[in-house]
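Trainee: here's my sequence, what's the structure:
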Amino acid sequence: MASQKGVITATIIAALIAGAVSLFVYYDSKQEGLVPIESTNPERPKVDNDKKQLPSPSLNFTEVFVTPVNTSIPSSFYAEISNSGSDLAKDFFIRIDFGESTPDICELLPAENIKNLNEKSSSTQSWKVAELEKGQSVYIVCQMDSPFFKSISIGGGNVEFDKKLTYTAYKEQRGQKPLNFYVLLFQIILAALAAIFLFYLFLKMMEKT
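Mentor: Sure thing, here's the model as predicted:
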């Protein structure tokens with residue numbers, strides 16, 4: 001009997017561990033944001049691998065959103081670019097190629113430390129960011145005549161990797177809808193209860209044989 005209780009306890013612990021791992025994957029995937037194409041920044045000085053790793057900035061596309069349908073009113077483009085590294089990001093660029101779309105107006109927040117490099121008639125919009133503290137973000141909001149962009153790029157300055165997110169990659173990743181937290185938690189609980197119940201039935205069958 002004691003051994004049966006021990007097995008049931010082990011089953012419950014295994015279910016809890018599986019649930020904890022699932023929740024970790026859920027939160028970890030939320031923090032990573034959209035996955036871009038990476039390339040090494042040629043302007044950044046090379047670091048000797050034999051030396052101690054120095055703090056460095058890391059820019060990521062935390063969020064990108066485009067109005068999903070074309071309407072009679074202007075479409076919206078939104079992006080959040082965060083510095084998830086361990087140091088201040090300096091003198092990096094943000095460049096959006098709107099392709100066949102025409103941007104009417106764009107605003108970046110916080111406005112300080114950001115230099116506008118744009119020509120009003122250009123479909124490619126560029127900005128230079130003087131500095132971005134670690135853990136902080138730059139927010140981009142644009143209005144345009146159609147819900148499309150060709151690509152958004154970030155890099156340069158003291159950032160090790162340049163990154164680019166294309167519209168195709170954005171649409172593919174947006175199509176992979178993540179599970180709602182409460183739906184995921186409910187599924188984990190159901191799976192754990194089902195495992196315990198099935199194991200209980202197995203024990204009962206073993207007692208009768």
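Trainee: okay, and the beta partners of residue 108?
Mentor: Applying DSSP bridges to residue 108 gives these bridge partners: residue 140.
Trainee: unless I'm mixing things up, it is touching residue 128, no?
Mentor: No - the pair residue 108 and residue 128 fails to qualify as a contact (Cβ atoms under 8 Å) at a distance of 10.8 Å. Where C-beta positions appear, they are placed from N, C-alpha and C, glycine not excepted.
Trainee: neighbour-wise, which of the two wins?
Mentor: A side-by-side neighbour count of residue 108 and residue 128, using other Cβ atoms under 10 Å, places residue 108 first with 19 against 16.
Trainee: residues contacting the more buried one?
Mentor: Each residue near residue 108 by Cβ atoms under 8 Å, 6 or more residues apart in numbering is listed here: 94, 114, 127, 138-141.
Trainee: where do the contact lists of residue 108 and residue 128 overlap?
Mentor: Residues touching both residue 108 and residue 128 (Cβ under 8 Å, 6+ apart) are 94, 114.
Trainee: low-confidence ranges, the chain, go.
Mentor: For the chain, the stretches flagged by pLDDT under 70 are 1-53, 120-121, 176-187, 197, 200, 202, 208-209.
Trainee: rerun that using 90 as the cut-off
Mentor: 1-56, 68-72, 86, 102, 111-113, 118-123, 160-161, 171-209 (pLDDT under 90).
Trainee: can you map out the strands along it?
Mentor: 37-40, 59-66, 75-83, 89-97, 103-109, 114-116, 124-132, 137-144, 151-155, 161-166 (DSSP state E).
Trainee: mind putting those in JSON lines, distance to residue 191 included?
Mentor: Below are the strands of the chain laid out as JSON lines (distance: least, Cβ to Cβ, whole Å):
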{"stretch": "strand 37-40", "distance to residue 191": "36"}
{"stretch": "strand 59-66", "distance to residue 191": "30"}
{"stretch": "strand 75-83", "distance to residue 191": "33"}
{"stretch": "strand 89-97", "distance to residue 191": "42"}
{"stretch": "strand 103-109", "distance to residue 191": "43"}
{"stretch": "strand 114-116", "distance to residue 191": "48"}
{"stretch": "strand 124-132", "distance to residue 191": "42"}
{"stretch": "strand 137-144", "distance to residue 191": "36"}
{"stretch": "strand 151-155", "distance to residue 191": "39"}
{"stretch": "strand 161-166", "distance to residue 191": "34"}
